[in-house]
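> Quick one, structure for this:
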Amino acid sequence: MTIDEKNGFIKRVESVEQTDKAKFGQMNVNQMICHCTDQLRMAFGEVEGLRIQKIDFAALKEKMAKGETVPTVDGLDQLAGEGTKPAAFENDKMTLIAYIEKFFDSGDEAPFHFHPYFGEMNKEKWNRLVLHHLNHHLAQFGR
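Numbers count the residues shown, from 1 in each chain. Model (predicted):
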């Protein structure tokens, strides 16, 4: 993540309003904010109980290429009441921004946790996933 990408994401998060409606998908805006934060928490190993999960990678890539919703890892599905519970909207936004900063500030050799679908991932791989994920969900709400 470059500094311009980081700053761009922060501006986009700051611009999100609690009244924003999704252009696609079923999460509300506060669920989306918490969902994005949970991904970063997962990268840092701060989510308990995650395990490797079997997934059809060809189907996953196809869905991603089409911009379709992909299945959320077990334990972090906001629609199922999992993951971080949305609370005070502005505080949730500030938490996401803090995690974006933390991710940006982490070094290339920082220890990163495995991803339940993709296994062990270094900073470069997490970076690609985080950029895609944040962009996807901010665009979901027109940001």
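> Dihedrals phi and psi, the residue nearest to the spatial centre of the chain?
Central residue of the chain (C-alpha atoms, centre = their mean): C36, 3.0 Å from the mean position. When read as degrees, to the nearest 10, the backbone of C36 gives phi -70, psi -40.
> For stretch 114-126, give the mean pLDDT please.
For stretch 114-126, mean pLDDT rounds to 92.
> thinking again about what came up before, could you report the pLDDT at the residue nearest to the centre of the chain?
On pLDDT, C36 comes in at 97.
> ok now do it, which residues does it touch?
L96, H133, L134, H137 (C-beta atoms under 8 Å, 6 or more residues apart in numbering). From N, CA and C alone the C-beta is placed, and that goes for glycine too.
> Low-confidence stretches in this protein?
Across the chain, nothing is flagged by pLDDT under 70.
> 80 - rerun?
64, 67-69 (pLDDT under 80).
> quick one, helices of it?
Secondary structure of the chain (DSSP state H): helices at 3-15, 29-43, 57-66, 89-105, 123-140.
> contacting residues around the shortest one?
The contact list for helix 57-66 (C-beta under 8 Å, 6+ apart) reads T69, V70, P71, Y117, H132.
> what do you get for the fourth one?
Helix 89-105 is touched from outside by 1, 3, 6, 9-10, 13-14, 16, 18, 29-30, 33-34, 36-37, 40-41, 43-44, 84, 86, 126, 130, 134, with contacts defined as C-beta under 8 Å, 6+ apart.
> Please identify the buried residues of it?
For helix 89-105, a neighbour-count test (16 or more other C-beta atoms under 10 Å) marks D92, K93, T95, L96, I97, Y99, I100, F103, F104 as buried.
> and the angle for it with helix 29-43?
Per axes from the mean of the first three to the mean of the last three C-alpha atoms, to 10 degrees, the angle that helix 89-105 makes with helix 29-43 is 30 degrees.
> what distance separates helix 89-105 from the centre of its chain?
Put simply, helix 89-105 sits 11 Å off its chain's centre (C-alpha atoms, centre = their mean, to the nearest Å).
> same question, the second one
Centroid displacement of helix 29-43 relative to its chain, using C-alpha atoms, centre = their mean, is 5 Å.
> quick check: angle from that helix to helix 123-140?
On the basis of the same axes, to 10 degrees, helix 29-43 is oriented at 180 degrees to helix 123-140.
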